[in-house]
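Peer 1: After the sequence you'll find the predicted model.
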Amino acid sequence: MAQENNILLQKLDAFIKKYYTNELIKGGILGLSIFLSILLFLSIAEYLGNFESSVRRIFFSVMLLSSLFVFGKFILIPLVKLFRIGKIISYEEAAVFIGKHFKEVQDKLLNYLQLEKLGKTEQNELILASIEQKTKELTPIPFTAAINFSENKKYLKYLIPVVLFFVAVFSYEPSIIKESTARIIKYNEKFDKPLPYIIEIQNPNLTAVQGEDFKLNIKVSGKVLPKNVYLVSGGNKFKMKKEAAEIFSFTFNNIQKTVIFSFETPLLTTENYKLTVFPRPKINKLKIAFNYPSYLQKTNDSQENVGDMVIPEGTKVSWQILAENVKNIKIQFADTIILTPKTAQNKFEISKTLRQSQKYGIILEGEQNLQDTIFYTITVIPDKYPTIVFEPQQDSVNLRIMYFKGSVADDYGLTQLQFRFKNISSDTAKWQITEIPVNNSIRDVFYHLWDLTEYPLNPGDELQYYFIVWDNDGVNGRKPATTNKFIYKIPDTEELEKLREQSSEQIKASMNEALSEAQQLQKQFDELYEKIAQKKELTWEDKKQMKDLLEKEKKLEKKIQNLEQQNMQNILRTQSFEKPSEELLKKQEQVQKLFEEIIPPDMKEKFKQLDELMEKLSKEQIQEMLKNMELSNKEIEKELDRTLELFKQLEFEQKLEETIEKTKKLAEEQQKLLEETLEKKSDSKELKNKQDRLQDMFNQLKEDLKMLEEKNSQLENPHQMPDLEENLDNIQQEMQNSSQNLEKGNKKKSSQNQKNALDQMQQMENKMSNFQAEMEQEAHEEDLNTLRRILDNLIKVSFTQEDLMNELKSVNKNDPRYVEIGREQKKLQDDIRLIEDSLLALSKRVPEISPVINREIAKIHSDMEQVLQFIQDRKTNEATAKQQFLLTSVNNLALLLDEIVQQMQQQMAQQKFGNSSCSKPGSNSTPKAGSLKQMQQQLNKQLEGLKQQLEQGKKPGGKQGQNLSKQLAQLAAQQEAIRNELRKMAEQLEKEGNLGGKGNLEKIADMMEETEEDIVNKQITRETLQRQQEILTRLLEHEKSEREREMSQERQSKEAFNYEKRNKIEFLEYKKMKEKELELYKTVPPKLKPFYKNKVNSYFENL
């Protein structure tokens, strides 16, 4: 019972506590609302009114009293009662409040309190029962629920607006709250009226260097900013520059002393400020001396008060500085800072050798740690590498000679120039070095001749060459500069053949084209002549047609000149890189001469005169000129046709000689391979590869033979070529068998195949060599006989013409004999025409017949037509006069032909005795090895045939013993004749000092003498034939050495191909003349600036 009573009382105590807590919360909200309202009101009023101290005292009192009232009323009283201090509500008052809140309680709690109070005085069971009943009813009810804290939210409507207004004011202008409150609290202090802005200096310090400009920056802060700010100094007022809305600046120009200043606006004047000026370190005098490298040969000099410099690399530079207000001077370079020693009062000196461009600074250190740095630029002109350029030019006569013209240059001077070359096709070759003189100047022109005929080179060799020059750099050491490395290639055999074939085909095609144009032009000349003959006067169209024909004639002339140049290049290439026989060289020169004489100078002059005088000539004169041009064009046509045929013949002979050489080389290679195969240590696989390569060479040889047949078929009179089919088939089969046996490892059978192939190759070479010799001999005999017949007929014509001329003088015009003489003259014209045709056909085979002869007979034919016309017109005097000219021409032609006959007879006689290759036919010069070799080949062939007949038991020639002895005696005599000529050659070589060649020929002569003994003794054995083959081989080697010697002597001594006397001398003379001319003009003033000096030198270089 007592316990339940205590629970109800505890619950009442909890209710009372919550009641006063609720009062405290409500009081806090209302009190804060009132306090903030009063604070805002007073602060805003003070801020706006800026009241005096008395008013602020009242404000302070109001603020203090209101704060105390609010605190006491709404905070302190509820807080004290919460802790049951003082008078608080009673249980009955609480019961009434609770009864009002809970309907089920109503006055039950109040009755309980009354009964409980009554029960303490009266111990009545009914009262106790009633209390117990009330207690049980009231115990479950939560009395504290009668107090709801959330009901206080309705008071926030007073606090929230006040707080938001307070935050807004404080955010907009905090000073309204903070400063105004401070002034209210400190009501007894005096406060000035606040300005709308303040001025702050932005410069970190107010110090400046004398002589410099100092920019003063200020910032104005505030809600309202002034339009202008003035700086006041020395009694003067200066308007400051407005940089931005709140930024102002003022620049003190060239400031010299300390300045006192202040700022002034319409609303304020600031305190004074001080700008302290320190004296500036400065240079009074700067002297820089330059000590140039000695190799420049440049006078040392200096400069004053200029710090920038342009100097050559390696120059020693010395600085002398006179300064003021300076303690130390440092010079800052790109890689270091050097403290300059002080040599005297305010004088500093330092030296440094400079080798690269850079910026440098002179650092002046004064009082107060003041520094001033002056920056300058050093431009170092490095010693550049020398430069070299050159132009190569091939000799126009010998393609193995190169000329070089070049120029070398350096910024300060040259010391050495070299030409270097090396045969890179040889593993053992070394660089060949030639020193070229060069002047010790900054620019020079050089010339160099490179003569490759002095070096043993093979077809296909490649030479690498370049020039190298050194300068005179005394700082870094001499620097070289080289040109690019160039390649000079000696064409190989295949390339030379291909070039020659291409060039020959082009020449033939161009000649055929020129011949066709000449024929067409001939036809047009004839048509124009007939057209003009039918007119009384020439029209403009006739003259235009005449001009067109002249233009075509010029084009034809130009084309023939190009043919001449193409053929010359072909010859030069052959002579420079190949070794043709002397006979072939001679024919090449003869054909070239024919090219040059197709259009003689007098014919060119006629064309030129006609072109110049055509407007002034009459119709008759133009007709005569047309007739002459028609005749001239006929001569051009004939010479073109003749030269073309001779060119084809020469091409055939050149190809024949080349094919013979290839066959011989193939046989030599096969011989070497046979010897290797017979060696026991040789490798079959390697031998097979070599045999296959020889097979390829043989296939190429067959192609050459086909080409030779083709060239032969292109001739007007093709030669009867030897039958080589059987040899070719045998060689092909034996080489294939050899390769197969080597593949099987059967070297014995392979060697037999190789020997058989070698025998067939040698037979084929002999056939072609014999064909070559017989072809030349038979052609010479046939041509000589033909020429003799022509000469005999021409002499007969001469006698007949003389008789007719004498008879015509004495015959009357009306005598019937006069007509008979005309018939005989006509018959004589037919004879001349036959002679002309025969001579033209012969000239296509004999290059010795010059174009003059064909032109001479053409003139005879023309004169003959005029004689017939005069006889027909009964103009006896004119006829006899023209007959006299005709007779003179016939006799002149006969003399020319007789000279050619004598020349050909001498050549044939020399061929018979081994002298056919002399440079001058008919001279007593030493015989050549080539002719002796051919004679020896023929003799060997006869001996071989004779041996075969003896072995077969046949008598030579089908004759008995006496004839056999006679034939053997003839062969021995032939061998003796060859031996005697060989002795003469040995004696000539001894006179020339060629003892090695002499010894070789004497050995050959001794071997020939042994052969003579075998022939006389009728002992022609296999050993004899082998000896003869060795003799032939030695003769061939001697022929090669003789040809190489003559390439640099006899052939080069001829005027048309003499590069030693002409090109080299002219080249050196031109070089000297050029150098002298340059020396006259090359006077470059030494004081010119480098830019202009280089321009002048470049001009001289291009001269």
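Peer 2: Cool, the structure landed.

Peer 1: can we go C-alpha only for contacts and neighbour counts from here?
Peer 2: Noted.

Peer 1: low-confidence ranges in the stretch 51-200 of the chain?
Peer 2: Applying pLDDT under 70 to the stretch 51-200 of the chain flags the ranges 86, 89-148, 190-195.

Peer 1: would you list every one of the strands in it?
Peer 2: Assigned by DSSP state E, counting those that start in this stretch, the strands in the stretch 51-200 of the chain fall at 197-201.

Peer 1: so where do the helices sit in it?
Peer 2: Taking DSSP state H, counting those that start in this stretch as the criterion, the stretch 51-200 of the chain contains helices spanning 53-70, 77-82, 91-101, 108-121, 125-138, 156-172, 174-185.

Peer 1: Run the chain-centre distance for the longest one.
Peer 2: Looking back up the chat, that one is helix 53-70. Between the centre of helix 53-70 and the centre of its chain there are 102 Å (C-alpha atoms, centre = their mean, to the nearest Å).

Peer 1: contacts for that helix?
Peer 2: For helix 53-70, the surrounding residues in contact (C-alpha atoms under 8 Å, 6 or more residues apart in numbering) are 31, 34-35, 38-39, 42, 46, 183-185, 187-190.

Peer 1: Equivalent analysis for the second one, please.
Peer 2: Counting by C-alpha under 8 Å, 6+ apart, helix 77-82 makes contact with 17, 20-21, 23-24, 27, 86-88, all of which sit outside it.

Peer 1: Narrow those to those that are buried.
Peer 2: 17, 20-21, 23-24, 27 (16 or more other C-alpha atoms under 10 Å).

Peer 1: Now for the closest residue to Q763 other than its chain neighbours, how many residues are close by?
Peer 2: Nearest non-adjacent residue to Q763, counting by C-alpha to C-alpha, 6 or more residues apart in numbering: N727, 7.7 Å away. Per other C-alpha atoms under 10 Å, the neighbour tally for N727 reads 17.

Peer 1: what helices or strands is the helix or strand where K558 lies leaning on?
Peer 2: Secondary structure from DSSP states H and E places K558 in helix 540-577. In terms of contacts (3 or more C-alpha pairs under 8 Å, 6 or more residues apart in numbering; DSSP states H and E), helix 540-577 is packed against helix 493-533, helix 582-596, helix 601-613.

Peer 1: ok, so of the contacts of helix 77-82, who is nearest D815?
Peer 2: Using C-alpha to C-alpha, G27 comes nearest to D815 of the contacts of helix 77-82, at 184.2 Å.

Peer 1: got a list of what the residue nearest to the closest one when sequence neighbours are not counted touches?
Peer 2: Nearest residue to G27 in three dimensions, chain neighbours excluded: F74, at 3.9 Å (C-alpha to C-alpha, 6+ apart). With contact set as C-alpha under 8 Å, 6+ apart, F74 has these partners: 23-24, 26-28, 30-31.

Peer 1: how much space between F71 and Q519?
Peer 2: 144 Å (C-alpha to C-alpha, to the nearest Å).

Peer 1: likewise G72?
Peer 2: G72 is 148 Å from Q519, by C-alpha to C-alpha.

Peer 1: Surely G474 touches P293?
Peer 2: Yes. Between G474 and P293 a contact is recorded at 7.3 Å, counting by C-alpha atoms under 8 Å.

Peer 1: Between those two, point out the one with more neighbours.
Peer 2: Neighbour totals were compared for G474 and P293, and P293 leads with 18 against 15 (other C-alpha under 10 Å).

Peer 1: which ones are touching the more buried one?
Peer 2: Contacts of P293 by C-alpha under 8 Å, 6+ apart are 314-316, 474-475.

Peer 1: what's the answer for K809, then?
Peer 2: So K809 contacts 876-877, 880 (C-alpha under 8 Å, 6+ apart).

Peer 1: Apply 7 Å and report the result again.
Peer 2: T880 (C-alpha atoms under 7 Å, 6 or more residues apart in numbering).

Peer 1: For it, report the pLDDT, please.
Peer 2: At K809, the pLDDT value in this model is 85.

Peer 1: re the thing from before, so the residue nearest to Q763 is in which element?
Peer 2: helix 725-744.

Peer 1: thinking again about what came up before, would you mind giving the helices and strands packed on helix 540-577 as a markdown table with mean pLDDT, mean neighbour count and distance to F652 added?
Peer 2: Shown next, in a markdown table, are those (pLDDT from 0 to 100; neighbours: other C-alpha atoms under 10 Å; distance: least, C-alpha to C-alpha, whole Å):
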| stretch | mean pLDDT | mean neighbour count | distance to F652 |
| --- | --- | --- | --- |
| helix 493-533 | 80 | 16 | 11 |
| helix 582-596 | 74 | 19 | 11 |
| helix 601-613 | 68 | 13 | 31 |
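
Peer 1: As TSV, those helices with distance to H1038 would be great.
Peer 2: Putting the helices and strands packed on helix 540-577 into TSV (distance: least, C-alpha to C-alpha, whole Å) gives the following:
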stretch	distance to H1038
helix 493-533	22
helix 582-596	14
helix 601-613	43
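
Peer 1: Going by distance to I1004, which of the contacts of helix 53-70 wins?
Peer 2: Using C-alpha to C-alpha, the contacts of helix 53-70 come closest to I1004 at R183, 146.3 Å.

Peer 1: any idea how far the closest one is from R57?
Peer 2: Here R183 is placed at a distance of 10 Å from R57 (C-alpha to C-alpha).

Peer 1: who's more crowded, the two?
Peer 2: Shown here are R183 and R57; by other C-alpha under 10 Å, R183 has more neighbours (23 against 18).

Peer 1: how about the more buried one, what does it touch?
Peer 2: Counting by C-alpha under 7 Å, 6+ apart, R183 has no contacts.

Peer 1: can you give me how far stretch 464-479 is from the chain middle?
Peer 2: 23 Å.

Peer 1: mind saving the C-alpha coords of it as PDB?
Peer 2: C-alpha atoms of stretch 464-479 as PDB (Å, rounded to 0.1, in the frame of the first residue of the first chain):
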ATOM      1  CA  GLN A 464      86.000   4.900-106.600                       C
ATOM      2  CA  TYR A 465      87.300   8.400-106.400                       C
ATOM      3  CA  TYR A 466      86.900  11.600-104.500                       C
ATOM      4  CA  PHE A 467      88.700  14.800-103.500                       C
ATOM      5  CA  ILE A 468      89.700  15.800-100.000                       C
ATOM      6  CA  VAL A 469      90.800  19.300 -98.800                       C
ATOM      7  CA  TRP A 470      92.100  20.600 -95.500                       C
ATOM      8  CA  ASP A 471      91.800  24.000 -93.900                       C
ATOM      9  CA  ASN A 472      94.300  25.800 -91.700                       C
ATOM     10  CA  ASP A 473      92.300  25.700 -88.400                       C
ATOM     11  CA  GLY A 474      94.800  26.600 -85.700                       C
ATOM     12  CA  VAL A 475      92.400  26.200 -82.900                       C
ATOM     13  CA  ASN A 476      90.800  22.700 -83.500                       C
ATOM     14  CA  GLY A 477      93.400  21.300 -85.800                       C
ATOM     15  CA  ARG A 478      93.200  21.100 -89.600                       C
ATOM     16  CA  LYS A 479      89.700  20.000 -90.600                       C
END
